[in-house]
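Undergrad: Let's see this in three dimensions:
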Amino acid sequence: MPDAPQFLKGLLLLDSGQLHGSFFQRTVVLVCQHDPEGALGLVLNRATGSKVGEMIVADLPAALKECPLYLGGPVQPTALSFLHTDSFLPDANVMPNLSLGHSLDALTEIGESFSSVRKVKMFAGYAGWSPGQLEDEMQREAWLTHPATTEWVFDTDPDQLWRGILRQKGWKYKLLAEMPEDLSAN
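TA: Numbers count the residues shown, from 1 in each chain. This is a model prediction of the structure:
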């Protein structure tokens, strides 16, 4: 009997060092959806250098307009997605207390809430995989997995995220984290 498929929703994918020269080099991707139809994720560590209000023409609360905008992936770079957490999200759809949304109305509602512990991270575009594509990449060991936490998603400097997670994974991965981005500089 074949093994049941292992879905990666709620996990982090890290470039294993095999994605050199691609969009995904040194990225950390949160897998937000994964089922037999394919997978969708958001790159957590690719800032656009712009604020949301500079890039999105919408009537959003001022606090949201000042948030940095991240490049969630190479697919549909004009599509808006956001991750949010609060003290308690009973209907979280990515992992406990973390939800993915795409609606401007929902984003506005979140931005207008008065929670002191609410966190939001917004993305242009996403990473997408067709049925079986991510599983194939996993078999080729293009990605490493790591448990996701809201701290990794919201509280870690994006420039340090890939290296920080690798360092936690042990000595073998510390070597990967310390390799120069351009191997000819070694």
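Undergrad: where does this structure have low pLDDT?
TA: 1-5, 182-186 (pLDDT under 70).
Undergrad: Now name the helix or strand holding the residue nearest to residue 178 when sequence neighbours are not counted.
TA: Taking C-beta to C-beta, 6 or more residues apart in numbering, and ignoring the residues beside it in sequence, residue 178 has residue 163 as its nearest neighbour in space, at 7.9 Å. Glycine gets a C-beta too; all of them are placed from N, C-alpha and C. Per DSSP states H and E, residue 163 falls inside helix 158-168.
Undergrad: partners of the nearest residue to residue 82 once chain neighbours are set aside in the sheet?
TA: Distances taken as C-beta to C-beta, 6+ apart put residue 122 closest to residue 82, at 4.6 Å, once the chain neighbours are dropped. With DSSP bridges as the criterion, residue 122 is bridged to residue 69, residue 82.
Undergrad: any idea where the helices of the protein begin and end?
TA: Remark: helices assigned in the chain by DSSP state H are 52-55, 62-65, 104-112, 133-139, 150, 158-168, 171-178.
Undergrad: What helices and strands are in contact with the first one?
TA: Counting contacts by 3 or more C-beta pairs under 8 Å, 6 or more residues apart in numbering; DSSP states H and E, helix 52-55 is packed against helix 62-65, strand 68-71.
Undergrad: again, only this time at 7 Å
TA: With contacts taken as 3 or more C-beta pairs under 7 Å, 6 or more residues apart in numbering; DSSP states H and E, helix 52-55 sits against helix 62-65.
Undergrad: just checking, what packs against the helix it packs on?
TA: Under the contact criterion of 3+ C-beta pairs under 7 Å, 6+ apart, helix 62-65 touches helix 52-55, helix 104-112.
Undergrad: Format these as a markdown table; extra columns: mean neighbour count and distance to residue 77.
TA: As requested, the helices and strands packed on helix 62-65 are arranged in a markdown table below (neighbours: other C-beta atoms under 10 Å; distance: least, C-beta to C-beta, whole Å):
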| stretch | mean neighbour count | distance to residue 77 |
| --- | --- | --- |
| helix 52-55 | 17 | 10 |
| helix 104-112 | 15 | 17 |
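Undergrad: among the ones you listed, which is nearest residue 177?
TA: helix 52-55 (30.0 Å; C-beta to C-beta).
Undergrad: Need the contact partners of that closest one.
TA: With contacts defined as C-beta atoms under 7 Å, 6 or more residues apart in numbering, helix 52-55 is touched by 60, 64-67, 69, 122, 124.
Undergrad: Sounds good, over and out.
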